[in-house]
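> From the sequence below, what's the structure:
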Amino acid sequence: MKKAVTIKDIAEQLNLSRNTVAKALNGQYVPEKTREAVLKKAQEMNYKSLNASHIDIGEKRFRILLVSGKPLNNMNYFVPIVQGIENYCYERNYEFFQHTFNVNRTPFSVFTDYVKELHPDGIVAIECFDKGLIGKLINLGKPICFVDFTAYDAAFEKRFDIISNNDEKAVCDLVKTLCARYKLANFTFVGDHRHCLSFYERHMGMFRGVLGSKGAHSRKDDILCSDESFDYGNAEAIKTEILKLKYKPECFICCNDFVARNVCNALKSLKIRVPQDALVVGFDNVSEATAYSPEITSFAVDKEFLGRETMRTLVHRIENPGIPSRRITVSTDLIERQSTQRIVF
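Numbers count the residues shown, from 1 in each chain. Have a look, this model is predicted:
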């Protein structure tokens with residue numbers, strides 16, 4: 001069966017953005033020459049007939065706001081998620097808006113006024129981990145879905161949804177495997193485990209894995225500095241913290257690939273070889289994992305799928321506002337690389 005033509009296909013043929021093509025097809029403003037080119041190409045590619053079942057003309061058009069609590073600096077991780085959200089919206093003729101809210105610089109009242117003026121049907125919240133900010137966002141009274149969440153215990157009266165990875169089980173299973181394979185005893189977690197729910201669960205997954213392998217672990221064996229006061233991008237700073245550890249770690253479980261790469265750099269300066277002397281594990285499977293040697297074992301999540309699943313969850317919340325709050329987890333795939341592949345004799 002021939003694959004249905006999508007907005008992305010038309011955009012690639014014309015070397016235009018998907019946003020521009022979507023606007024032209026949906027009657028929104030674009031230059032007339034651009035509109036004519038898009039409509040002509042769509043007709044040539046049989047976009048309307050092939051994709052008739054893909055876009056329900058009678059489907060309600062929603063206005064979606066993506067809000068981030070700070071600039072999305074980890075582009076390798078966030079860009080595919082945002083693309084998944086955007087694609088879902090464009091394919092269904094939803095209006096899509098993005099807004100970065102800096103909790104330290106902008107009064108929330110300014111953002112509240114923006115939301116009242118925009119009047120979105122639903123909100124996607126990314127990098128919003130402060131309990132106070134989360135409470136204010138929920139109290140706006142709009143259907144809302146968070147990508148990841150706060151690591152601190154918090155009770156909120158109004159209903160909302162959370163999308164995240166199954167981080168705790170994934171890390172727990174890997175730690176048990178590494179313990180059995182290499183007879184490891186000493187593990188160290190590196191990262192601010194209170195930064196967000198996913199980091200916290202990665203730490204807990206390591207803890208559970210060690211205990212499940214009949215080992216012992218203390219938080220004194222970890223590097224858990226707050227990322228508000230500690231630079232995890234500074235290998236020398238990480239090196240200093242490693243030297244403070246009571247036991248020589250045999251495996252570092254890191255909150256993400258960025259931190260894992262800097263742990264490798266710190267270990268190199270200490271003349272600790274990876275993986276011969278110590279194993280290193282990252283998370284997210286972004287470019288830092290494979291940019292240099294050794295390539296780092298990591299957990300991969302289908303990031304565009306995560307974005308689309310976020311939208312599916314939000315739309316369900318918009319259409320069913322009274323349902324209980326939900327947390328939906330997306331599975332990850334372990335990608336084993338050099339940093340955990342030690343030769344066993």
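
> mind checking how far Lys40 is from Ser17?
Lys40 is 18 Å from Ser17, where distance means CB to CB, to the nearest Å. From N, CA and C alone the C-beta is placed, and that goes for glycine too.

> Can you name the element that comes right after the helix or strand of the chain with the lowest mean pLDDT?
Scoring the helices and strands of the chain by mean pLDDT, DSSP states H and E places helix 47-50 at the bottom, with a mean of 53. Following helix 47-50 in sequence order, the next helix or strand is strand 63-68 (DSSP states H and E).

> Give me the helices and strands touching that following strand, please.
Applying 3 or more CB pairs under 8 Å, 6 or more residues apart in numbering; DSSP states H and E, we find strand 63-68 packed against helix 75-91, strand 95-100, helix 108-118, strand 122-126.

> tell me the mean pLDDT for it?
For strand 63-68, the mean pLDDT works out to 95.

> in the chain, which ranges drop under the pLDDT threshold?
For the chain, the stretches with pLDDT under 70 are 1-2, 27-30, 48-59, 344-345.

> Do you have the strands of it handy? List them.
In the chain, the segments counted as strands under DSSP state E are 63-68, 95-100, 122-126, 144-147, 161-165, 187-190, 251-254, 279-281, 298-300, 326-330, 333-335.

> and the closest residue to Gly191 other than its chain neighbours, how many neighbours does it have?
Take Gly191 and drop its neighbours on the chain: the residue closest to it by CB to CB, 6 or more residues apart in numbering is Cys255, 2.7 Å away. By the criterion of other CB atoms under 10 Å, Cys255 has 27 neighbours.

> Ramachandran coordinates for Cys255?
In terms of degrees, to the nearest 10, the main-chain angles of Cys255 are phi -70, psi -30.

> surely it meets Arg194?
No. With contact defined as CB atoms under 8 Å, Cys255 does not count as touching Arg194 (10.7 Å).

> would you put the C-alpha positions of stretch 171-185 in PDB?
What follows is stretch 171-185, C-alpha atoms only, in PDB (Å, rounded to 0.1, in the frame of the first residue of the first chain):
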ATOM      1  CA  VAL A 171      18.300   1.400  35.600                       C
ATOM      2  CA  CYS A 172      17.500  -1.200  38.300                       C
ATOM      3  CA  ASP A 173      17.600  -4.000  35.700                       C
ATOM      4  CA  LEU A 174      20.900  -2.800  34.200                       C
ATOM      5  CA  VAL A 175      22.600  -2.500  37.600                       C
ATOM      6  CA  LYS A 176      21.500  -6.100  38.400                       C
ATOM      7  CA  THR A 177      22.900  -7.200  35.100                       C
ATOM      8  CA  LEU A 178      26.300  -5.500  35.600                       C
ATOM      9  CA  CYS A 179      26.500  -6.800  39.100                       C
ATOM     10  CA  ALA A 180      26.000 -10.400  37.900                       C
ATOM     11  CA  ARG A 181      28.300 -10.000  34.800                       C
ATOM     12  CA  TYR A 182      31.300  -8.300  36.500                       C
ATOM     13  CA  LYS A 183      30.800  -9.000  40.200                       C
ATOM     14  CA  LEU A 184      30.600  -5.300  41.000                       C
ATOM     15  CA  ALA A 185      30.200  -4.000  44.600                       C
END
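
> Could you pull out the buried residues of that stretch?
171-176, 178-179, 184 (16 or more other CB atoms under 10 Å).

> repeat for stretch 125-145
125-130, 133-134, 136-138, 140, 142-145.

> ok, so of these, who is nearest Ala278?
Nearest to Ala278 among the buried residues of stretch 125-145 is Phe129, at 29.8 Å by CB to CB.

> Do a quick rundown of the helices in the protein.
Ranges of helices within the chain are 7-14, 18-25, 32-44, 47-50, 75-91, 108-118, 131-138, 167-182, 197-212, 235-244, 257-269, 303-319, based on DSSP state H.
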